[in-house]
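Participant: I need the structure of the sequence given here:
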Amino acid sequence: MAVLATVLLLFAGGATAVRLNQTTAYYNCMRYRTTCKSLSVAAGRLTGSIPYELILLSKLTHLQLNNNAMTGTIPTEMGTLTDLKTLMLSQNQLVGTIPRELRALTRLTNMHIIQNRLSGSLPLEMGALTNLNSMWLHSNRLTGTLPLDLGALVRLTSMTLHNNLLTGTLPLELGTLTNLNYMDLSYNQLTGTLPRELAALTRVRALFMDDNRLTGTLPCVLGELTSLTHIKLNFNQLTGTLPSELGYLTLLLQMRLYNNKFTGTLPSELGSLTRLTGSSATLVCYNIGLCGEIPLGVTLNELSGHCPTTRVGTYLRHACPPANPTASPSSYPTKAPTVSPTTIAPTSQVTTDTPTQSPTSALNTSSPTAPLAANVSVAAGRLTGSIPYELILLSKLTHLQLNNNAMTGTIPTEMGTLTDLKTLMLSQNQLVGTIPRELRALTRLTNMHIIQNRLSGSLPLEMGALTNLNSMWLHSNRLTGTLPLDLGALVRLTSMTLHNNLLTGTLPLELGTLTNLNYMDLSYNQLTGTLPRELAALTRVRALFMDDNRLTGTLPCVLGELTSLTHIKLNFNQLTGTLPSELGYLTLLLQMRLYNNKFTGTLPSELGSLTRLTGSSATLVCYNIGLCGEIPLGVTLNELSGHCPTTRVGTYLRHACPPANPTASPSSYPTKAPTVSPTTIAPTSQVTTDTPTQSPTSAFNTSSPTAPSMGAQAVDSPTRMY
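Facilitator: Numbers count the residues shown, from 1 in each chain. Prediction:
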């Protein structure tokens, strides 16, 4: 009898959920336990826990159980598999901590355990895994600090820890990771300064530390990172001037520095960054010495000076707003200029995101003229403390903007008495508690922006009373519960962002009544159930993001009626069935992400009509499913078969098919997916590019870096891939 060296079952079909020890792959591996080197049941609908009997597979080198529904903890016994090189447990429902016992896996090169529910701190012992090449642990619930021992992982090329609850400072030891080309620490609670030691990361191409609480200045040594193509430090509390050395980063395609507290003059050296595009970032600089849009990510700071004309001059679209510091926001332009056709959502609020008066005068409610106040704006004003309940004295208040500060406490219930209020902006603070039901009285409210706080509890049912709402941005909080049916009453809503929360339950049919909606983002929650057919009524929607949930069922064919769609993301769900041919009607699509689902069947030829999709919009690496190579369709890691629609896709076929032998070792596959764009550099965060402080459409960066493939075995993807 031939010795079975490898058992590979990349796509275990069938609709019935099974346990790992009930699969043929597991049975065969246990039968030939002394020689079995690979056990892979990715996207196999597995449930139950990881069996501790895996310790019997002493020769195992590749374990891939990603994209299932497995529960329980990571067995400590896994530390006995000392030959293990690849450990992929991503996209499950695993809980508990990362076992310290894994320190014994000294041959491990790839550790991918993303999008689970892991908690606890990173083990100090991880420094023993000195052969690690990629460590992807993002989108869990990890806490604690970054261990100093991470500095021992000198072979590391990509590290993703975003979307966790990490605290503490950045260890100086990160500077020893000189092989790193991708590091994402965004969406945590990291504090302290940027270490000068980061200057040693001369190979790094993507550096994401946005949405933390970093302070201090930008060290001038960042100018030594000349390989950088993408940097994001937005939504921190960085201060000081922008160093002129940033002008050395001539490969930059994306620079996001907005929503910090920078001051001073824009250095003319920024004019050297000629590869930045107009949609890379926006500087809306009212009342700070600059006006209009420039393609630099320094929005909502306190910079002054002239735009570097060598690159930026052509993007100045607006004249300066009135010099009168008490001018009403209504005298400002109501929309930011459109640089790109993907700028689709209203941005009227961004014109008032900069303080127009001193903090003391703005919150002086004891003034005899206080009831006449129409606008209180102390955005990026370094405010601390709670929101004073005395605001109820400002009975004529129409605009309240306290975003981008460090305010704490709860949202006062008394705010419900400000019945003239039209704009409420409390984003980027440290507010806790629930959204008060009393806000239902604000029936004139058009813009509610309370993003990136620590709000909890459910969305009040009474929100349905806010029928004049045009934009509702509540993302990046800790909201729980279901989507209330009363959201269907918000018929004037054009943009709604609820991503990066903990929402559960199904999508209410009433969402179909929001016929004015052009932007909806519900991604990164725990939503279940199917996609309602009623969504077909959203004929104006241009961006529909529901990725990274637990949606099931098929893609309704009526999605083909959403002919205004330019961006759709449904990746990282559990959708099944075939791709409807009606998707071919979505001819305006610039981005379609459907990967990491459980689709089956044949690629419909109608997808060839989607001629606006670019090669970097999405990738189909289709080993063992009847297709080979890359095509610009976001249907990666499903169970599709058939021929690529040649009218659009033929030129993107770059790889010959891998070996037909289903037991072939992953080592015989290409080690990387073919590169379509020079910006395809590494795993990316996403969630984090959706920053509707200016406009939700900052997520539409289709030139952003995508995930590095680990070949056929890397069937999990590090993140949203934008």
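Participant: helices and strands around the helix ranked longest in the chain, which ones?
Facilitator: In the chain, assigned by DSSP state H, the helix with the most residues is helix 24-31. Packed against helix 24-31 by the contact rule (3 or more CB pairs under 8 Å, 6 or more residues apart in numbering; DSSP states H and E) you find strand 7-8, strand 38-40. (C-beta placed from N, C-alpha, C; glycine too.)
Participant: now with 6 Å, please.
Facilitator: Applying 3 or more CB pairs under 6 Å, 6 or more residues apart in numbering; DSSP states H and E, one finds that helix 24-31 contacts strand 7-8.
Participant: quick check: end-to-end length of stretch 242-262?
Facilitator: 7 Å (CA to CA, to the nearest Å).
Participant: quick one: buried residues of it?
Facilitator: 242-243, 245-249, 252-262 (16 or more other CB atoms under 10 Å).
Participant: could you do stretch 474-487 as well?
Facilitator: So stretch 474-487, judged by 16+ other CB under 10 Å, has buried residues 474-477, 479-480, 483-484, 486-487.
Participant: which of these fall in helices?
Facilitator: Short answer: the buried residues of stretch 474-487 have none in helices (DSSP H).
Participant: so where do the helices sit in this protein?
Facilitator: Going by DSSP H, the chain shows helices at 24-31, 309-312, 359-362, 646-649.
Participant: so where's the stretch 351-500 of the chain shaky on pLDDT?
Facilitator: For the stretch 351-500 of the chain, applying pLDDT under 70 flags the ranges 351-373, 380-381.
Participant: in the chain, what helix or strand scores lowest on average pLDDT?
Facilitator: Lowest by mean pLDDT, DSSP states H and E among the helices and strands of the chain is helix 359-362, with a mean of 34.
Participant: burial measure for Thr539, as a count.
Facilitator: Neighbours of Thr539 under the rule other CB atoms under 10 Å: 12.
Participant: neighbours around the nearest residue to Gly127 once chain neighbours are set aside, how many?
Facilitator: Setting aside the residues directly before and after it, Gly127 is nearest to Asp149 in space (CB to CB, 6 or more residues apart in numbering), at 2.7 Å. Other residues near Asp149 come to 18 when the count uses other CB under 10 Å.
Participant: please save the CA atoms from the longest helix of the chain in PDB.
Facilitator: What follows is helix 24-31 as a C-alpha-only set of coordinates in PDB (Å, rounded to 0.1, in the frame of the first residue of the first chain):
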ATOM      1  CA  THR A  24     -12.100  12.000   5.300                       C
ATOM      2  CA  ALA A  25      -9.000  14.200   5.500                       C
ATOM      3  CA  TYR A  26      -8.800  13.700   9.300                       C
ATOM      4  CA  TYR A  27      -9.500   9.900   9.000                       C
ATOM      5  CA  ASN A  28      -6.800   9.400   6.400                       C
ATOM      6  CA  CYS A  29      -4.300  11.600   8.300                       C
ATOM      7  CA  MET A  30      -4.900   9.600  11.500                       C
ATOM      8  CA  ARG A  31      -4.600   6.300   9.500                       C
END
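Participant: can you pull the buried residues of it?
Facilitator: Result for helix 24-31 [16+ other CB under 10 Å]: buried residues 25-26, 28-30.
Participant: which of these lies at the shortest distance from Leu575?
Facilitator: Ala25 (23.4 Å; CB to CB).
Participant: please tell me how far Thr145 sits from Lys85.
Facilitator: With distances taken as CB to CB, to the nearest Å, Thr145 is found 28 Å from Lys85.
Participant: got it, and Met126?
Facilitator: 16 Å.
Participant: and the buried residues of stretch 474-487, which two are the farthest apart?
Facilitator: Pairwise over those, using CB to CB, the maximum falls at Ser476 and Asp486, 22.6 Å.
Participant: quick one: Leu507 from Glu269, how far?
Facilitator: With distances taken as CB to CB, Leu507 is found 48 Å from Glu269.
Participant: quick one, which of the two is more surrounded?
Facilitator: The neighbour comparison of Leu507 against Glu269 (other CB under 10 Å) goes to Leu507, with 21 against 18.
Participant: tell me how many other residues crowd the nearest residue to the more buried one once chain neighbours are set aside.
Facilitator: Take Leu507 and drop its neighbours on the chain: the residue closest to it by CB to CB, 6+ apart is Pro532, 5.6 Å away. Here the number of neighbours of Pro532 (other CB under 10 Å) works out to 18.
Participant: what is Thr239 paired to in the beta sheet?
Facilitator: Beta-bridge partners for Thr239, by DSSP bridges, are Lys261.
Participant: any idea how far it is from Asn404?
Facilitator: Where Asn404 is concerned, Thr239 sits at a distance of 13 Å (CB to CB).
Participant: neighbour-wise, which of the two wins?
Facilitator: Comparing Thr239 with Asn404 by other CB under 10 Å, the one with more neighbours is Asn404, at 30 against 17.
Participant: wait, doesn't the more buried one sit right on Ala379?
Facilitator: Yes - the criterion here is CB atoms under 6 Å, and Asn404 meets it with Ala379 at 5.3 Å.
Participant: give the residues shared as contacts by the two.
Facilitator: Contact criterion CB atoms under 6 Å, 6 or more residues apart in numbering; residues shared by Asn404 and Ala379: none found.
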